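**Q** Return atomic coordinates for the entry below.
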Amino acid sequence: MDRITQSYLREFLTLQDIRPKSDSLDFEKFVNYSIVSKEYNGEFKIEDISTGEAQGVDGIAIIVNGRLVTSVEEIDDLSNLNRYLEVTYLFIQSKTSSAFNGNDMGMFAITVKELFQERPSIVLNSELRHAHKLIQHIYDLSPKMTRGKPKLKLYYVTTGIWVDDQNLLAIIDNGCKDLATLNLFSNVSFEPCDGSQIQSYYNKTKEGVSATFVFRDKVTLPDAEGITEAYFGLLPYEEFLKVICDENRQIKNIFSDNIRDFLGDNPVNDKIAATINLGKFDFFSVLNNGITVVATTLTSSGNRFSISDYQIVNGCQTSHVLYSNRNVQGIEKVTIPFRLIATDKDEIKNEITVATNSQTAIKPEQLEALSGFQKGLEQYYNTFAGDGRLYYERRTNQYSTDDTIPKIKIISIPTQIKAFASMFLDLPHQVSRYYGTIVNNVGEQFFKQDHKYAPYYVSAYALYRLEYYFRSNNIDPKYRKCKFHLLTIFRRISNSADLPNFNSSKIEGYCTKIITILNDSSLCLSYFIEATKVIDNSGYDINDADTFKQKDVAANLQ
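**A** Presented below is the predicted three-dimensional model:
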């Protein structure tokens, strides 16, 4: 491996808080992270896309309706929510050598093909069996693929230099044609990726969100305290896509307070879609409230605007409906009411969020409570130091450009929801679902204005510790399948007292005892090892992830 790639790899391991193992295994993680980040803008765990000791494929990511999925339940939730399936498969093979080996490239394509067979003829390890299960489940839902068959993308990565060798190009072409014969894909691509290219992809993971677009039909809004610039006008559809999509035309993770996320099909969204599907493109701008974007940085030259560190604080639903209907003939005629505001004041961003969110059925008091609680929770996180210093990401990509923060210490809202629901609501069996479904099912039980912050922080801290023990092999990674159950068990054995109400001052004392254990890494590890023994003694099959999604199993383990 060349010196430049080695330096990138060292930085990656440091930022991800990963203990080095071997060049080949570390490089696999580096490549998987860089490639998947190129194709997917959301949060994901490196372990969720790794294939372990599998031969022929080193990384797999399955993206359904813009979400990276890791369970059948997530696929079902998204299918039911959106009433369609739009799928992209990513397969990755990486080599630390500088050579592009034709035999390895050919075997890579063959292995991928096997995973799309109903009964593969090759031996699959547990990770590949799980990927195969997800793939088969997706095709069982083929009637939902109303927007086309899935896309298939293969990446073969080495540290060398790609020179368009004709023999290797022929192998790539034959591999793509062979995969296309399955008649399961709308498109098959196979990208040979050399050292310089993978370095470039990795560099992009550290860039903040930005966009450049042309905004002609606009007026400048009056000056207001705390606001640098503000505009309102009509943005053409193609320019709008430049705001919400990346270079691969995948929707960006730029929606404020992502707990609310995309509500899927509801009366408001159905009306938005109907306006488009009935060809009423000219009416869209008068029937829809439009989009509000708040950016920290804005520069302009004539009608060309560049924004960075921005979020859509109003218009999540509209944006997703417009994006999901991007293939409707004539949609380029749509113009979108567009507010663009530049400010670096968080309190102003919150005020704008509350003031502009009225089109969907979200009450203003809910928004106010949500934004207020999130800000308070972030401030609570900031009171801790040392190993317990975590970073609550209440705004999407809030810490994406800060190279001083280990990524494992960044706690997103979805991660917070899953950790809290598992550890304090005793719902570890539910968190394998799409987190939007968790919010719909039990959303009234968390982020309440009178709740103390301590249990939220403690649950995230415990999850951070557990993830670190997995990565350092202090705890066998086989227990990942039931990691959220381990959080529930850990709470009960680290503090056997009755759980106080979350709005009671007693909950803070309850959590302080657990924090004392979490602050002592060796002691904390012993408690988690004790929790794994509860799993071992339960008689449940640790290799069967479906077992731990059952309500009665969760109850028995408690």
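
**Q** Any stretches of this protein with poor pLDDT?
**A** 256-268, 354-371, 434-436, 440, 442-443 (pLDDT under 70).

**Q** quick one, domains of it?
**A** The record's domain parsing of the chain by automatic domain parsing lists 3-204, 210-361, 366-557.

**Q** Let me have those in CSV, adding mean neighbour count as columns.
**A** Where you see a C-beta, it was placed from the backbone N, CA and C, and this is true even at glycine. Output for the domains of the chain, formatted as CSV (neighbours: other C-beta atoms under 10 Å):
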stretch, mean neighbour count
domain 3-204, 18
domain 210-361, 17
domain 366-557, 18
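
**Q** could you list every residue that touches Val36?
**A** Neighbouring residues of Val36 by C-beta atoms under 8 Å, 6 or more residues apart in numbering: Phe44, Ile49, Gly59, Ala61, Leu68, Leu90, Ile92.

**Q** Could you find the closest non-adjacent residue to Thr228?
**A** Sequence neighbours aside, Ala342 is the residue nearest to Thr228 in space, at 4.1 Å (criterion: C-beta to C-beta, 6 or more residues apart in numbering).

**Q** name the helices or strands packed onto the helix or strand harbouring Tyr89?
**A** For Tyr89, the element it lies in under DSSP states H and E is strand 87-94. If contacts are counted by 3 or more C-beta pairs under 8 Å, 6 or more residues apart in numbering; DSSP states H and E, strand 87-94 sits against helix 23-39, strand 59-64, helix 102-114, strand 151-157.

**Q** and it, which strands flank it?
**A** The strands that strand 87-94 pairs with in its sheet are strand 59-64 (antiparallel), strand 151-157 (parallel) (by DSSP bridges).

**Q** Out of the ones you listed, flag the one nearest Thr516.
**A** With respect to Thr516, and counting by C-beta to C-beta, the nearest of the strands paired with strand 87-94 is strand 59-64 at 38.6 Å.

**Q** Output the helices and strands packed on strand 87-94 in JSON lines; the columns should cover distance to Asp536.
**A** As requested, those are exported to JSON lines (distance: least, C-beta to C-beta, whole Å):
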{"stretch": "helix 23-39", "distance to Asp536": "27"}
{"stretch": "strand 59-64", "distance to Asp536": "29"}
{"stretch": "helix 102-114", "distance to Asp536": "33"}
{"stretch": "strand 151-157", "distance to Asp536": "38"}
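
**Q** Identify whichever of the ones you listed lies nearest to Asp270.
**A** strand 59-64 (21.0 Å).

**Q** Excluding its own residues, what touches that closest one? List them.
**A** Taking C-beta under 8 Å, 6+ apart as the rule, strand 59-64 contacts 28, 31-32, 35-36, 39-40, 44, 49-51, 68-69, 74-75, 78-79, 85-94, 127-128, 131, 134-135, 138, 250.

**Q** hmm, back to that, which among the helices and strands packed on strand 87-94 is found nearest to His451?
**A** strand 59-64 (32.4 Å).

**Q** Between helix 102-114 and the closest one, find me the angle.
**A** Computed by axes from the mean of the first three to the mean of the last three C-alpha atoms, to 10 degrees, the angle separating strand 59-64 from helix 102-114 equals 40 degrees.

**Q** Keeping just the C-alphas, turn strand 59-64 into CSV.
**A** Taking C-alpha atoms only, strand 59-64 is exported to CSV below (Å, rounded to 0.1, in the frame of the first residue of the first chain):
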residue,chain,number,x,y,z
GLY,A,59,-19.1,-4.8,1.4
ILE,A,60,-22.8,-4.8,0.7
ALA,A,61,-25.3,-1.9,1.0
ILE,A,62,-28.9,-2.0,0.1
ILE,A,63,-30.7,1.3,-0.3
VAL,A,64,-34.5,1.3,-0.4
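
**Q** C-terminal to it, what's the next element?
**A** strand 67-68.

**Q** And the next helix or strand past that next one?
**A** Following strand 67-68 toward the C-terminus (DSSP H and E): helix 72-82.

**Q** Now do that following helix: which elements does it pack against?
**A** strand 59-64, helix 126-140, helix 435-442.

**Q** how about a cut-off of 7 Å?
**A** Applying 3 or more C-beta pairs under 7 Å, 6 or more residues apart in numbering; DSSP states H and E, we find helix 72-82 packed against helix 126-140.

**Q** ok, and what's touching stretch 294-308?
**A** When contacts are defined by C-beta atoms under 7 Å, 6 or more residues apart in numbering, stretch 294-308 is touched by residues 208-216, 228-229, 309-311, 313, 341-344, 349, 352.

**Q** What segments of the stretch 151-300 of the chain are helices?
**A** Under the criterion DSSP state H, counting those that start in this stretch, helices of the stretch 151-300 of the chain are mapped to 166-180, 195-204, 237-244, 267-277, 284-287.

**Q** Could you check the angle the longest one makes with strand 87-94?
**A** In terms of direction (the same axes, to 10 degrees), helix 166-180 departs from strand 87-94 by 140 degrees.

**Q** Return the distance of helix 166-180 from the chain's centre.
**A** Relative to the chain's own centre, helix 166-180 is displaced by 32 Å; criterion: C-alpha atoms, centre = their mean, to the nearest Å.

**Q** same question, the fourth one
**A** Taking C-alpha atoms, centre = their mean, one finds helix 267-277 lying 27 Å from the centre of the chain it belongs to.

**Q** swap in the shortest one?
**A** Between the centre of helix 284-287 and the centre of its host chain there is 32 Å, according to C-alpha atoms, centre = their mean.

**Q** Show me how far the helix or strand where Phe484 lies is from its chain's centre.
**A** Phe484 belongs to helix 483-494 when assigned by DSSP H and E. Averaging C-alpha positions (C-alpha atoms, centre = their mean) puts helix 483-494 24 Å from its chain's average.

**Q** Many thanks, I have nothing further to ask.
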